[in-house]
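[1] Following is a predicted model, sequence given first.
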Amino acid sequence: MLPSPSDVAEAFVKDRELMLDHACVTLEETFIGLFLGIAVGFIMAVVMDRFSFVRRMISPLIIVSQTIPTIAIAPLLVIWLGYEMLPKIILIILVVFFPITISLLEGFSSVDADTVNLMRSMGANRRQIFRYVKFPNSLGQFFSSLKISVSYAVVSAVVSEWIGGTVGLGCYMTRVRKSFSSDKMFAVIILISVISLVLIWLTSVLQRVCMPWEKINNNRSKQK
Amino acid sequence: MGVLEVKNVTFSYDGVTETIKNVNITLHTGEIVCLLGVSGGGKTTLFNVIAGLNKPQQGQVLLNGEDVTGRTGKISYMLQKDMLLPYRTVEDNVALPLIIKGEKKAEARKIAGQHFAEFGIEGTQKKYPAQLSGGMRQRAALLRTYLFSAQVALLDEPFSALDTITKGEMHRWYLNVMENIKLSTIFITHDVDEAILLSDRIYLLKGKPGTITDEIVISEPKPRRQSFNLTDEFLQYKREIISRIQK
């Protein structure tokens, strides 16, 4: 049964306080998981870039980890870690770290060899080359992957709540599904989409703030 | 004794085929010396050795008598492209060597800022490299090179990427600024005219492996006349150099 847009709007207005309470929990999980996922992805990328043997050892494992569906991991995490926030955050970390690690690694290794040579000729050490060349050079790729990670993080939070949780938008969805309230189901789906879109937009804003030169470079490229 | 001495340097990338062999170069204080040769002749390899990026199998690089062979951070090096980092403002690009040496960012900016007018890039401090013309970028890159070390600089084809008109302007500017800063420089070029116009001496690097075959002194006094490249003396130098290259 497909509800009309007015039914969906009405359901949202009626249930907005409850939905927003659940949304706050989902957002909390999303932000904690996203932050930790970025941290894990960053550390892994730095270590893999620094030590090529670590890169060779870990790369296959990372790729294999991404072939396992989240829907299969989530119940296991619930069994092992319970119904609280921890299994949800771990699931988000598992989903988020991968695009961050891969994009940062790409960014680090795509640095112009001549630029590195110039820095070396100035006497720059490995840490300085990372700070002044490799890291800023990878920011573009980092933000591209962050936009993907943000949407993955929201979806992962909802999935993990759906599978084993007492609160959050995923949990709310299971309740309205069981009561056959398709209007509320559509309302919450739209809310989740809006949250994802807002977070992606905020990432773009953050990118513009952190990379003010990009707009100038893009304008120059267009002029050429 | 020169400020920089390259003594009997031999280098090979694979340990078997030598790229340069028994190269000897002396650079005196305030002198501009040109390294002229064909592409693939080992000029950039020699610069990498002098800058300490590659360690030679044989020979020494002495800076004011101190052995700096295979040691980076001693001699300024400006590569073919300007290599300005697109994500740093011009002043932060220029101040980078000072920051690497351990200077605080504010102090490094202050020191760099004192030279912007001298290098003809006043007002570009807060701009990004993409907002500058090719000539301005080269000036900023040269200032960065100068700030790294006011003793010796290696310039690898510094003007090759510029159009003819800009190149002419840059030559005039370069000669003027060099008169003021007295930076001892070795620069690479393929352009015979540029070599005669800018340098005090020219080394020809020829053969495989590359060796220094000739040394030509350009005795035209400095500051050089703008019309020097239209004189008979200039053409004589040019004929002589070309005949030596073709030998």
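    Received the coordinates, thanks.

[2] How many residues are close by residue 28?
    Chain wasn't specified; assuming chain A. Counted with other CB atoms under 10 Å in any protein chain shown, residues neighbouring residue A:28 total 15. C-beta here means a position set from N, CA and C on the backbone, and glycine is covered the same way.

[3] sorry, should have said chain B
    13.

[4] so what's it up against?
    B:2, B:3, B:184 (CB atoms under 8 Å, 6 or more residues apart in numbering or on different chains).

[5] Buried residues, stretch B:113-123. List them.
    The neighbour-count check on stretch B:113-123 (16 or more other CB atoms under 10 Å in any protein chain shown) flags B:115, B:116, B:119, B:120, B:121 as buried.

[6] among those residues, which are in reach of chain A?
    Among the buried residues of stretch B:113-123, no residue lies close to chain A (CB under 8 Å from any CB of the partner chain).

[7] and the two most separated of those?
    B:115 and B:120 (10.2 Å; CB to CB).

[8] OK, contacts around the residue nearest in space to the middle of chain A?
    Taking CA atoms, centre = their mean, the centroid of chain A lies closest to residue A:149, which sits 2.2 Å from it. Contacts for residue A:149 were tallied using CB under 8 Å, 6+ apart; they are A:34, A:37, A:38, A:95, A:96, A:99, A:100.

[9] Restricted to helices, list those.
    Among these, DSSP state H puts A:34, A:37, A:38, A:95, A:96, A:99, A:100 in helices.

[10] check contacts around the closest residue to the first one other than its chain neighbours.
    Spelled out, it's residue A:34. Spatial nearest neighbour of residue A:34, chain neighbours left out: residue A:153 (4.5 Å); criterion: CB to CB, 6 or more residues apart in numbering or on different chains. Under the criterion of CB under 8 Å, 6+ apart, the neighbours of residue A:153 are A:30, A:33, A:34, A:37, A:92, A:95, A:96, A:199.

[11] Reduced to three states, what does whichever residue of chain B sits closest to chain A come out as?
    With CB to the nearest CB, the shortest gap between chain B and chain A falls at residue B:73, namely 2.1 Å. Secondary structure assignment for residue B:73 (DSSP: H, G, I helix; E, B strand; the rest coil): coil.

[12] Helix or strand: which one has the closest residue to it other than its chain neighbours?
    Spatial nearest neighbour of residue B:73, chain neighbours left out: residue A:123 (2.1 Å); criterion: CB to CB, 6+ apart. Under the criterion DSSP states H and E, no helix or strand holds residue A:123.

[13] Test my guess that residue A:123 contacts residue B:75.
    No: contact criterion CB atoms under 8 Å: residue A:123 and residue B:75 do not qualify, at 10.0 Å.

[14] More neighbours: which of those two?
    It is residue B:75, of residue A:123 and residue B:75, that has more neighbours when counted by other CB under 10 Å, with 25 against 17.

[15] What helix or strand is residue 174 located in?
    You didn't pick a chain, so chain A it is. Taking DSSP H and E as the definition, residue A:174 sits inside helix A:169-178.

[16] actually chain B
    helix B:164-181.

[17] cool, residue B:153 as well?
    Per DSSP H and E: strand B:152-156 holds residue B:153.
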